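In: How does the following fold in three dimensions:
(one chain, ligands or ions: 1)
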Amino acid sequence: MMNILLLGKHGQLGWELRRILPTLGALTAIDREDLDLTSPQALRQVLREIQPGLIVNASAYTDVDRAETETALAQAVNAETPAILAEESARLGALLLHYSTDYVFDGAQTRPYLETDPVNPLNAYGRTKLQGEQAIAAQGGAFFTFRTSWVYSMRGNGFVTKILRWAGQQEVLRVVEDQTGSPTWARTLAQLSAQAALLALAHGKDWALAHSGLYHLGGEGQATRFQWAQAVLDLHPDPSQKRCHTLQPALSAEFPLPALRPSFTPLDCGLFQQTFGLRIPPWREDLRLAMDT
Ligand SMILES: NC(=O)c1ccc[n+]([C@@H]2O[C@H](COP(=O)([O-])OP(=O)(O)OC[C@H]3O[C@@H](n4cnc5c(N)ncnc54)[C@H](OP(=O)(O)O)[C@@H]3O)[C@@H](O)[C@H]2O)c1
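Out: You can find the predicted model right below:
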């Protein structure tokens with residue numbers, strides 16, 4: 001029986017992965033309370049104890065604004081941890097699944113981004129995540145880095161849950177229309193990740209090595225944050241709790257934040273779909289399922 005190590009089990013994605021990965025092997029799922037990722041020695045020790053055949057890294061420093069000032073911490077979690085995981089993973093002959101972000105791009109493009117498009121992160125979070133991608137690619141082990149975008153779940157404090165909360169408190173909501181991306185349901189991302197891992201494990205090490213690399217993996221299609229919020233309100237699970245009757249388009253400049261956001265980062269996920277023979281559902285289809293509670 002293969003051992004699997006999941007890092008970041010309490011995160012949006014980690015929570016979903018924790019429910020899927022036990023079908024692939026014996027899962028050890030950890031988070032901050034088990035291991036602080038700023039301690040490289042402790043991380044190496046856990047890996048050597050568990051001897052995983054599959055390592056799934058759903059942990060990350062994801063506070064985009066705080067990363068501007070806590071850059072060293074963001075770098076430790078987003079760049080140095082992946083480097084250690086990749087090194088140990090190659091040593092163990094394991095498969096490593098890692099996640100990166102659409103924020104490696106500057107958003108200047110007008111068509112969805114391909115894996116081969118030039119990167120140019122606008123903020124510290126994006127720069128540290130890019131370093132993580134590069135550190136993994138440099139190790140030469142078997143890995144898939146899935147660059148994803150606008151991840152949401154019905155738990156925690158992400159975009160969808162915030163819109164639902166605000167809609168219960170305010171009559172008018174203002175949401176930016178000058179940021180476009182690919183809304184990605186954490187559950188679908190976890191399922192597609194597990195299916196890709198299963199395929200690679202079934203094909204064997206040579207296949208995994210030959211197909212190792214970077215793949216874009218976000219919800220199919222694109223939306224502005226305004227359109228996404230509108231879709232959330234249209235699908236509100238309990239309209240009697242909805243005070244909001246007007247959604248107004250706004251501009252990012254009206255809400256100054258420490259970190260710059262790229263204005264256009266939808267991902268072209270054709271390579272993932274072709275390589276793994278999997279379908280990525282349109283983001284609206286997924287949102288409908290996510291909100292069907
Ligand atoms: N969320 C998005 O919109 C988005 C967009 C593009 C890409 N991604 C990428 O997708 C992946 C999953 O994102 P997510 O939204 O599921 O992230 P998340 O909900 O923020 O979860 C990240 C997890 O990592 C843990 N973590 C952070 N620092 C740690 C440390 N020093 N030691 C141990 N654990 C630590 C967090 O614990 P604490 O809660 O205790 O900090 C949390 O459980 C990440 O690689 C992220 O960069 C996310």
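In: only C-alpha atoms for contact and neighbour calcs from this point on.
Out: Will do.
In: Can you report how many residues neighbour the residue in the stretch 151-293 of the chain that the ligand sits nearest to?
Out: With CA to the nearest ligand atom, the shortest gap between the stretch 151-293 of the chain and the ligand falls at residue 151, namely 3.8 Å. By the criterion of other CA atoms under 10 Å, residue 151 has 20 neighbours.
In: how about the nearest residue to it, chain neighbours excluded?
Out: Nearest residue to residue 151, sequence neighbours excluded (CA to CA, 6 or more residues apart in numbering): residue 184, at 4.7 Å.
In: Tell me the residues of the stretch 1-150 of the chain that contact the ligand?
Out: 8-14, 31-32, 35-38, 58-62, 77, 99-102, 148-150 (CA under 6 Å from any ligand atom).
In: can you name the farthest residue from the center of the protein?
Out: The centre of the chain is farthest from one residue, residue 240, which by CA atoms, centre = their mean lies 32.4 Å away.
In: before we move on, the earlier item: inside strands: which ones of the residues of the stretch 1-150 of the chain next to the ligand?
Out: 99-101, 148 (DSSP state E).
In: would you list those residues in CSV and tack on neighbour count and pLDDT?
Out: Formatted as CSV, these follow (neighbours: other CA atoms under 10 Å; pLDDT from 0 to 100):
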residue, neighbour count, pLDDT
99, 26, 98
100, 25, 98
101, 25, 98
148, 24, 98
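In: Now do the same for the closest residue to residue 25 other than its chain neighbours: its pLDDT.
Out: For residue 25, ignoring the flanking residues on the chain, the nearest one in space by CA to CA, 6+ apart is residue 2 at 5.0 Å. Note for residue 2: predicted pLDDT of 96.
In: ditto for residue 247
Out: Value for residue 247, per-residue pLDDT: 95.
In: Break down the stretch 151-293 of the chain into its strands, ranges please.
Out: Using DSSP state E, counting those that start in this stretch, the strands of the stretch 151-293 of the chain run over residues 151-152, 172-176, 180-181, 184-185, 213-216, 223-224, 246-250.
In: Compare these and give me the one nearest residue 161.
Out: The closest of the strands of the stretch 151-293 of the chain to residue 161 is strand 151-152. By CA to CA, the value is 8.3 Å.
In: and that closest one, which strands flank it?
Out: Each strand that pairs with strand 151-152, with its direction, by DSSP bridges: strand 184-185 (parallel).
In: Give me the contact list for the partner strand.
Out: By CA atoms under 8 Å, 6 or more residues apart in numbering, the residues outside strand 184-185 that reach it are 148-153, 218-219, 283, 286-287, 290.
In: What's the local residue count around residue 210?
Out: Applying other CA under 10 Å, I find that residue 210 has 10 neighbouring residues.
In: so what's the residue nearest to residue 25 up against?
Out: Contacts of residue 2 by CA under 8 Å, 6+ apart are 24-26, 52-54.
In: Next step: those restricted to strands.
Out: Filtering those for strands - DSSP E - leaves 26, 54.
In: Would you check which pair of the contacts of residue 2 lies furthest apart?
Out: 24 and 52 (11.8 Å).
In: out of the two, which sits in the busier spot?
Out: residue 52 (26 against 17).
In: The more buried one contacts residue 94, doesn't it?
Out: Yes. With contact defined as CA atoms under 8 Å, residue 52 counts as touching residue 94 (6.6 Å).
In: which of the residues in the longest helix along the chain are buried?
Out: Longest helix in the chain, counting residues (DSSP state H): helix 186-203. With burial defined by 16 or more other CA atoms under 10 Å, the residues of helix 186-203 counted as buried are 186-198, 200-201.
In: which residues of the chain fall in helices?
Out: In the chain, the segments counted as helices under DSSP H are 12-20, 40-50, 71-75, 81-92, 124-139, 159-167, 186-203, 205-210, 225-234, 270-276, 283-291.
In: Put together JSON lines for those helices, with distance to residue 175 and mean pLDDT on each row.
Out: As requested, the helices of the chain are exported to JSON lines (distance: least, CA to CA, whole Å; pLDDT from 0 to 100):
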{"stretch": "helix 12-20", "distance to residue 175": "22", "mean pLDDT": "98"}
{"stretch": "helix 40-50", "distance to residue 175": "40", "mean pLDDT": "96"}
{"stretch": "helix 71-75", "distance to residue 175": "27", "mean pLDDT": "97"}
{"stretch": "helix 81-92", "distance to residue 175": "34", "mean pLDDT": "97"}
{"stretch": "helix 124-139", "distance to residue 175": "22", "mean pLDDT": "97"}
{"stretch": "helix 159-167", "distance to residue 175": "9", "mean pLDDT": "95"}
{"stretch": "helix 186-203", "distance to residue 175": "22", "mean pLDDT": "98"}
{"stretch": "helix 205-210", "distance to residue 175": "42", "mean pLDDT": "96"}
{"stretch": "helix 225-234", "distance to residue 175": "5", "mean pLDDT": "97"}
{"stretch": "helix 270-276", "distance to residue 175": "29", "mean pLDDT": "98"}
{"stretch": "helix 283-291", "distance to residue 175": "18", "mean pLDDT": "97"}
